[in-house]
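# everything below, folded, please.
(one chain, ligands or ions: 1)
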Amino acid sequence: MTVPLPGGTLPGGRAAAVLDAAATAGATVVLSGHVQPDADALGSTLALAEGLRRRGARVLATIPDPFTLPASLAWLPGAEDLVPSAAVPAAPEVFVSLDAASPGRLGELAALLDGAGTSVVVDHHASNPGFGDVRVVDPTAPATAVLVADLLDALGVALDQRLATCLYAGLTADTGSFRFGSTRPDTHLLAARLLATGIDHAAIGQRLFDTAPFGWLGLLSVAAGRAVLEADVGAGLVWTWSSTAEATEHGLPGEQLEALVDVVRSTREADVACVLKGQDDGSWVVSLRSRGATDVARVATALGGGGHRAAAGFTSHLDLHETVETVRAQLSG
Ligand code: MN
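Got it, this is the predicted structure:
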């Protein structure tokens with residue numbers, strides 16, 4: 001949470017001061033979002049990296065292993081300049097973590113939280129326990145991109161189409177295209193500033209949300225067809241599963257599974273939607289969504305993960321039915 005420091009200075013001001021000093025000195029700044037970055041993690045990372053580069057910092061933007069991006073994100077400006085985590089120094093002057101709810105979400109890059117001269121954590125997850133030397137953690141922010149926009153303003157970096165494209169991607173993704181309850185009046189004011197740079201917001205939205213290979217329709221029909229409604233669990237639970245292997249059968253990359261929960265969560269009879277995604281190593285990556293009555297961040301945190309009140313997740317090493325049972329137990333408890 002955003003706690004005022006003595007003198008009423010917000011942590012964002014302190015972070016901006018750290019970044020301003022690093023840029024002015026031409027220091028090395030390493031930035032990373034969470035593992036398997038989404039549009040907010042990657043857009044925030046690329047926007048702040050470019051802003052700091054313009055201010056004179058020696059910038060290395062990276063992501064935790066695996067060093068791959070889905071097609072829906074690989075086009076973001078600056079993504080072509082990402083370097084593998086093995087190529088960043090272990091002790092840069094500054095390390096910036098973006099959109100990571102916990103050190104574990106940084107994978108092998110979590111070591112930089114201690115290795116860097118100063119670590120700066122920029123995040124908006126309610127489950128963030130507070131880590132890093134300097135924190136800009138605001139659970140009321142609808143996206144980490146909003147916090148990055150504030151930092152760029154504080155650094156005196158003018159928004160142009162390149163920066164605005166990255167920020168808009170994060171903003172529109174994490175707000176569900178401005179439909180989620182986290183959207184505030186100033187969210188739209190920021191969107192207006194970004195659109196005013198001349199970005200093609202329709203193309204951004206189409207690339208992020210409305211583009212998939214034909215095989216997606218086949219996978220969707222199979223996964224949706226096996227959905228189970230358990231209206232008596234908590235405020236109602238609907239769940240289904242798929243796997244990276246099943247995605248492959250339909251000619252799809254594993255990240256296409258992320259879109260399943262957006263279909264399943266429309267079920268009126270269930271407050272909680274759960275999609276279990278089988279991984280190649282036998283584990284299950286579980287996505288949870290709430291229609292409003294249930295705090296799924298609490299559920300996910302209790303099961304070793306984290307997230308937001310309405311959108312959270314965790315990883316299970318139990319089998320499929322044991323994993324569903326742990327979710328049932330949390331919802332019924
Ligand atoms: Mn986010």
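# report the contact partners of residue 296.
272, 288-290, 307-312 (C-beta atoms under 8 Å, 6 or more residues apart in numbering). Where C-beta positions appear, they are placed from N, C-alpha and C, glycine not excepted.
# what is the burial count for residue 24?
Residue 24 has 11 neighbouring residues, counting by other C-beta atoms under 10 Å.
# and what of the one 10 residues further on?
Using other C-beta under 10 Å, residue 34 has 26 other residues around it.
# about what we covered before: which one (most neighbours) among the contacts of residue 296?
residue 288 (29 neighbours).
# tell me the SS of that one?
Recorded secondary structure, residue 288: strand (DSSP: H, G, I helix; E, B strand; the rest coil).
# isn't it up against residue 311?
Yes: the criterion here is C-beta atoms under 8 Å, and residue 288 meets it with residue 311 at 7.3 Å.
# and the end-to-end length of stretch 115-130?
With C-alpha to C-alpha, to the nearest Å as the measure, stretch 115-130 spans 17 Å from end to end.
# off-centre distance for that stretch?
Taking the mean of its C-alpha atoms, stretch 115-130 sits 13 Å from the chain's own mean (C-alpha atoms, centre = their mean, to the nearest Å).
# which of the residues in that stretch are buried?
115-116, 118-128 (16 or more other C-beta atoms under 10 Å).
# in helices, which of those residues appear?
Among the buried residues of stretch 115-130, the members found in helices (DSSP state H) are residue 115.
# could you count how many residues lie near residue 320?
Using other C-beta under 10 Å, residue 320 has 14 neighbouring residues.
# list phi and psi for it.
phi -50, psi -50 (degrees, to the nearest 10).
# repeat for residue 94
Here is the backbone geometry of residue 94 (degrees, to the nearest 10): phi -140, psi 140.
# thinking again about what came up before, now the contacts of residue 296 in TSV, with pLDDT?
As requested, those are arranged in TSV below (pLDDT from 0 to 100):
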residue	pLDDT
272	98
288	98
289	98
290	97
307	90
308	90
309	94
310	93
311	94
312	95
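# quick one: which of the residues you listed is nearest the ion?
Of all those, the ion sits closest to residue 308, with 8.2 Å by C-beta to the ion.
# CA atoms of stretch 47-66 as PDB?
What follows is stretch 47-66, C-alpha atoms only, in PDB (Å, rounded to 0.1, in the frame of the first residue of the first chain):
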ATOM      1  CA  ALA A  47       8.000   2.100 -21.000                       C
ATOM      2  CA  LEU A  48      10.100   2.700 -17.900                       C
ATOM      3  CA  ALA A  49      13.200   1.300 -19.600                       C
ATOM      4  CA  GLU A  50      12.800   3.600 -22.600                       C
ATOM      5  CA  GLY A  51      12.100   6.600 -20.400                       C
ATOM      6  CA  LEU A  52      15.200   6.000 -18.300                       C
ATOM      7  CA  ARG A  53      17.300   5.400 -21.500                       C
ATOM      8  CA  ARG A  54      16.200   8.800 -22.700                       C
ATOM      9  CA  ARG A  55      17.200  10.400 -19.400                       C
ATOM     10  CA  GLY A  56      20.700   8.900 -19.700                       C
ATOM     11  CA  ALA A  57      20.700   5.700 -17.800                       C
ATOM     12  CA  ARG A  58      22.400   2.600 -19.100                       C
ATOM     13  CA  VAL A  59      19.300   0.400 -19.300                       C
ATOM     14  CA  LEU A  60      19.000  -3.400 -19.600                       C
ATOM     15  CA  ALA A  61      15.400  -4.700 -19.800                       C
ATOM     16  CA  THR A  62      14.900  -8.400 -19.300                       C
ATOM     17  CA  ILE A  63      12.300 -11.000 -18.200                       C
ATOM     18  CA  PRO A  64      12.800 -14.100 -16.000                       C
ATOM     19  CA  ASP A  65      13.300 -17.400 -17.800                       C
ATOM     20  CA  PRO A  66      11.900 -18.700 -20.100                       C
END
